[in-house]
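>>> Take a look and give me a structure for this.
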Amino acid sequence: MRSGSKTSPSNRESRGNPRARAEAAHKKSRQRPMLEGPALVLWLVIVDVVSVHGYWLLTEGVTYTQASLLHISFLSLATLWFFGLDKWRARKDGRRVSEANLLALGVVGGAVGGLLGMVLFRHKLRSLKFRILLPASLLLHVALVLALHFTNI
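You can find the predicted model right below:
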């Protein structure tokens, strides 16, 4: 070992021990708080509602169909980003995005992004919850947008 090296004995021991490395990565990832859980979903929905309704109020003539498509687009991009983030963190042994958050984002409007994230990142493909709930949510969203469109609201 070089003189003046800042490696502690515990760090030297963890180099060859995968469990110690995983625990060290877990401890390091816990140092940065991240908005997650119901707070994350609530924050995204609030941002989405404010942006959609702000756009709707600023531009006259925007229909509910257009506003709902804007809502679905925003949440789908956010869901796709979180699927990519979760896959990246899974590879790096970092702090993961919970399955409940990913499913909640898909159900409240991000089903398109969730399904794209599953395919593009090859993530959560084996999970039966995701394979059932995201396509069902997508069908529900399509039905709601079509209902809004054909009722001329």
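>>> Show me the shaky parts of this protein.
1-16, 21-40, 52-60, 153 (pLDDT under 70).
>>> okay, now the domains of it?
Under automatic domain parsing, the residue ranges defining each domain of the chain are 1-32, 34-150.
>>> could you redo those domains as TSV and give each row mean neighbour count?
Placement of C-beta: from N, CA and C, glycine included. Output for those, formatted as TSV (neighbours: other C-beta atoms under 10 Å):
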stretch	mean neighbour count
domain 1-32	10
domain 34-150	17
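>>> quick one: contacts for the nearest residue to residue 47 once chain neighbours are set aside?
Of all residues not flanking residue 47 in the chain, residue 74 sits nearest, at 7.9 Å (C-beta to C-beta, 6 or more residues apart in numbering). The neighbours of residue 74, taking C-beta atoms under 8 Å, 6 or more residues apart in numbering as the test, are 47-48, 51-52, 109.
>>> secondary structure element for residue 140?
Using DSSP states H and E, the element containing residue 140 is helix 128-150.
>>> how far away is the nearest residue to residue 105 once chain neighbours are set aside from residue 65?
Distances taken as C-beta to C-beta, 6+ apart put residue 79 closest to residue 105, at 4.3 Å, once the chain neighbours are dropped. Between residue 79 and residue 65 the computed distance is 21 Å (C-beta to C-beta, to the nearest Å).
>>> And for residue 41?
For residue 41, the distance to residue 65 - C-beta to C-beta - is 24 Å.
>>> Repeat that for residue 84.
29 Å.
>>> Helices of this structure, start to end?
9-14, 18-29, 38-58, 64-92, 99-105, 111-120, 128-150 (DSSP state H).
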